[in-house]
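1. what's the 3D shape of this:
(one chain, ligands or ions: 2)
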Amino acid sequence: MKQIILTGDRPTGRLHVGHYVGSLKERVKLQNSGVYDEIYIMIADAQALTDNAEHPEKVRQNIMQVALDYLACGLDPEKATIFIQSMIPELTELTFYYMNLVTVSRVQRNPTVKAEIQMRNFEASIPVGFFCYPISQAADITAFRATHVPVGEDQMPMIEQCKEIVHKFNTVYGETLTDPKIVLPENSACLRLPGIDGKAKMSKSLGNCIYLAEEPEDIKKKVMSMFTDPNHLRVEDPGQVEGNPVFIYLDAFSKPEYFAEFLPEYSGMDELKEHYTRGGLGDVKVKKFLNNVLQAELAPIRERRKMWEQKLPDVYDILKAGSKKARETAGKTLEDVRRSMKIDYF
Ligand code: ATP
Ligand code: MG
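-> Ligands and ions are numbered 1, 2, ... in the order given. The predicted model follows:
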């Protein structure tokens, strides 16, 4: 069986370091592993419109920003098909058929949907399109016959819902769709990176992000303003490492060579954590180290991004060619689906 990847992001803002460790970094690694036959990366503009219906211009502009972030991180259009969701109308038709295989109460039970409804204050008035986005996500995944979906942990309920739709479809209409597998980052600190405000998730919509394209001065300001252990007031106080955003970021980004370069008095994370827990290590010192680590990680990304910003017509061509190829693939799956459903009349 072919090994196929499908993943993507909503063009609701520039991408941040949470996206990077939660999904982007993994994608680039998988892309370069040589294991996968096809890789599809979707800019989910139609999904972004489900909670931004009044701001199509924002979604439109962020398509280019997300594409630039992709290329900056090392996604390679020679190896990965980057495309725009709404340019593939076949996806909406698939969604329409899948809607019949899911109950309202099942979507209501989806923990990610629940959390997002709350976050957006949608409780009293949920747009139907937003409510149905897990179903349309199942259409996205299955249209490309994805076997692997590399995403952050918050997407786990979505993939489960997709698998249920696949099983239901195959049971009712005969073996047609491919069952996908979620691929989570191995490093647990990367599963769900908290915001710089200490909130559970760094998210474009919460404004608690360090962006991939952030300028060095802004990275530093944000790191120095980050939440830490609220009870660690004086340097000599014992501090808590668990749940401390600064240490979670270090677990996500630090490499042994950064200690040699920026903090040679410590052998590595274990010794640094041990000192903080014992007391006698100040937040400022740890934050300065984190700043150095992030600067080192983000500098090459920012440079590559600036290079692509000079070539916007090329980026546009990449999206256009990617969308054309993606549409052909989705069209074939839709044909199979209609045949299985016996609605391929002419
Ligand atoms: P929005 O607030 O508009 O939903 P978002 O920041 O949640 O934006 P998405 O486009 O919904 O970003 O998510 C894109 C991908 O990035 C998904 O695979 C998601 O799991 C992952 N991701 C998003 N935020 C984080 C995070 N803080 N830590 C780890 N992974 C994340
Ligand atoms: Mg999201």
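
2. For the stretch 101-250 of the chain, what lies in contact range of ligand 1?
-> Within the stretch 101-250 of the chain, the positions adjacent to ligand 1 are 151, 152, 154, 155, 192, 193, 201, 202, 203, 204, 205 by C-beta under 6 Å from any ligand atom. The way it works is simple: take the backbone N, C-alpha and C, and place the C-beta from them, glycine included.

3. who wins for most neighbours among the residues you listed?
-> Among these, residue 193 has the most neighbours (other C-beta atoms under 10 Å), with 28 neighbours.

4. so the closest residue to that one other than its chain neighbours is in which element?
-> Setting aside the residues directly before and after it, residue 193 is nearest to residue 18 in space (C-beta to C-beta, 6 or more residues apart in numbering), at 3.9 Å. Assessed by DSSP states H and E, residue 18 sits inside helix 17-19.

5. Tell me how far that helix lies from the chain's centre.
-> Mean-position distance between helix 17-19 and its chain equals 7 Å (C-alpha atoms, centre = their mean, to the nearest Å).

6. doesn't residue 246 make contact with residue 194?
-> No: with contact defined as C-beta atoms under 8 Å, residue 194 does not count as touching residue 246 (10.0 Å).

7. How about residue 6, nearest residue that isn't a chain neighbour?
-> residue 146 (3.6 Å).

8. Residue 36 versus the one you found, what's the distance?
-> Per C-beta to C-beta, to the nearest Å, residue 146 is found 10 Å from residue 36.

9. so what sits against both of those two?
-> 4, 5 (C-beta atoms under 8 Å, 6 or more residues apart in numbering).

10. still on that earlier bit, include pLDDT and distance to residue 32 when you put the residues of the stretch 101-250 of the chain next to ligand 1 into TSV, please.
-> Putting these into TSV (pLDDT from 0 to 100; distance: C-beta to C-beta, whole Å) gives the following:
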residue	pLDDT	distance to residue 32
151	91	18
152	87	20
154	89	25
155	93	22
192	91	25
193	94	23
201	89	28
202	93	25
203	88	28
204	80	26
205	75	31
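
11. May I see those residues arranged in TSV, with secondary structure as well?
-> What follows is those, written out as TSV (DSSP: H, G, I helix; E, B strand; the rest coil):
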residue	secondary structure
151	coil
152	coil
154	helix
155	helix
192	coil
193	coil
201	coil
202	coil
203	coil
204	helix
205	helix
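
12. re the thing from before, which elements pack onto the helix holding residue 18?
-> helix 245-253 (3 or more C-beta pairs under 8 Å, 6 or more residues apart in numbering; DSSP states H and E).

13. Any chance you could list what contacts the helix it packs on?
-> Against helix 245-253 from outside (C-beta under 8 Å, 6+ apart): 17, 21, 187-190, 193-196, 198, 223, 226-228, 241, 269, 272-273, 276, 283, 286-287, 289-290, 293-294, 297.

14. From these, list just the buried residues.
-> 17, 21, 189-190, 193-196, 198, 223, 226-228, 241, 269, 272-273, 276, 283, 286-287, 289-290, 293-294, 297 (16 or more other C-beta atoms under 10 Å).

15. count of neighbours near the closest residue to residue 336 other than its chain neighbours?
-> Leaving aside its sequence neighbours, residue 336 sits nearest to residue 176 (C-beta to C-beta, 6+ apart; 5.6 Å). By other C-beta under 10 Å, the residues close to residue 176 number 17.

16. got it, and the one 5 residues further on?
-> With neighbours defined by other C-beta under 10 Å, the count for residue 181 comes to 11.
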